[in-house]
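Enquirer: please work out how this folds:
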Amino acid sequence: IGLEKFPPLTDEQRERFTAVGARTKLKLDGRLEERARFYANYIIDFTEVDQGTDTASTDGENGRIKMIESYVDLYGTSTYWRAGSQTQYWGYINGFWKPTNRYNANDGSYKSRETEDQKLPETGVEWVWLFVRQELHLIYVPVSKVNKLSPNQIGFLSFLGYEAESPPARSDNGKYVARLTGALGELEYQLSY
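Expert: Coordinates of the predicted model:
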């Protein structure tokens with residue numbers, strides 16, 4: 001392909017590109033035979049767009065490191081423990097979140113279409129028991145996170161006279177989760193609380 005097929009951009013065309021960015025995912029996955037596992041998932045996001053105001057940042061560097069998950073698994077014969085910050089994905093219905101998928105708080109403060117950017121990781125302990133094509137999950141989160149609002153939501157709430165910031169996490173805001181999934185013949189089910 002010759003360069004003549006790609007003529008240089010005019011000044012008008014160049015002005016249409018207002019931001020440059022790069023997104024890098026860093027995953028660490030270490031295992032100790034079949035007894036334990038350490039897993040960490042981070043996103044290093046660089047963009048010239050200020051996510052808070054949706055405008056180009058003045059310094060041209062607006063980097064962000066976001067932890068998606070970081071936990072340790074300990075395996076038994078029919079059980080396992082997970083401790084650390086984790087994100088639970090309980091499935092989709094034609095691309096929509098299931099109503100029961102409410103373990104992680106929403107992160108509306110960061111503009112992104114990536115699924116992993118829409119949830120805040122919860123730090124807690126999970127115990128799983130596997131038995132006869134069934135799974136019982138019991139999860140405890142001592143201090144649960146709260147939904148982060150987008151700048152548009154904060155502005156709208158301020159306009160209505162409500163609190164203009166996301167509420168802070170409190171120590172009495174703990175969370176207990178129980179989930180039973182499995183199959184009975186051809187019927188697959190999930191019960192969660």
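
Enquirer: could you use CA atoms for every contact and neighbour count after this?
Expert: Will do.

Enquirer: now the strands for this protein?
Expert: For the chain, applying DSSP state E gives strands covering 21-32, 36-47, 49-50, 55-56, 62-75, 79-86, 92-93, 96-97, 122-131, 134-141, 175-184, 187-192.

Enquirer: these into CSV, with extra columns for distance to E116?
Expert: Output for the strands of the chain, formatted as CSV (distance: least, Cα to Cα, whole Å):
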stretch, distance to E116
strand 21-32, 11
strand 36-47, 9
strand 49-50, 19
strand 55-56, 23
strand 62-75, 7
strand 79-86, 11
strand 92-93, 14
strand 96-97, 13
strand 122-131, 13
strand 134-141, 20
strand 175-184, 21
strand 187-192, 22
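
Enquirer: these into TSV, with extra columns for distance to E12 and mean pLDDT?
Expert: Compiled in TSV, these are given as follows (distance: least, Cα to Cα, whole Å; pLDDT from 0 to 100):
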stretch	distance to E12	mean pLDDT
strand 21-32	21	88
strand 36-47	22	87
strand 49-50	20	54
strand 55-56	18	45
strand 62-75	25	86
strand 79-86	46	95
strand 92-93	42	58
strand 96-97	39	56
strand 122-131	46	94
strand 134-141	53	94
strand 175-184	53	90
strand 187-192	55	86
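
Enquirer: same list (these) but as TSV, adding distance to A105 and mean neighbour count.
Expert: Shown next, in TSV, are the strands of the chain (distance: least, Cα to Cα, whole Å; neighbours: other Cα atoms under 10 Å):
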stretch	distance to A105	mean neighbour count
strand 21-32	21	11
strand 36-47	18	16
strand 49-50	23	20
strand 55-56	26	14
strand 62-75	13	17
strand 79-86	12	19
strand 92-93	17	10
strand 96-97	13	10
strand 122-131	8	18
strand 134-141	12	18
strand 175-184	12	14
strand 187-192	17	11
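
Enquirer: quick check, pLDDT for the closest residue to V146 other than its chain neighbours.
Expert: Nearest residue to V146, sequence neighbours excluded (Cα to Cα, 6 or more residues apart in numbering): A105, at 5.5 Å. At A105, the model reports a pLDDT of 80.

Enquirer: A105 reaches L149, doesn't it?
Expert: No - in this structure A105 lies outside contact range of L149 using Cα atoms under 8 Å: 10.5 Å.

Enquirer: neighbours around Y193, how many?
Expert: 11 (other Cα atoms under 10 Å).

Enquirer: quick one: contacts for it?
Expert: Contact analysis of Y193 by Cα atoms under 8 Å, 6 or more residues apart in numbering lists 177-179.

Enquirer: ok, the residue nearest to T79 when sequence neighbours are not counted to G108 distance?
Expert: Leaving aside its sequence neighbours, T79 sits nearest to W129 (Cα to Cα, 6+ apart; 4.5 Å). To G108, W129 is 34 Å away according to Cα to Cα, to the nearest Å.
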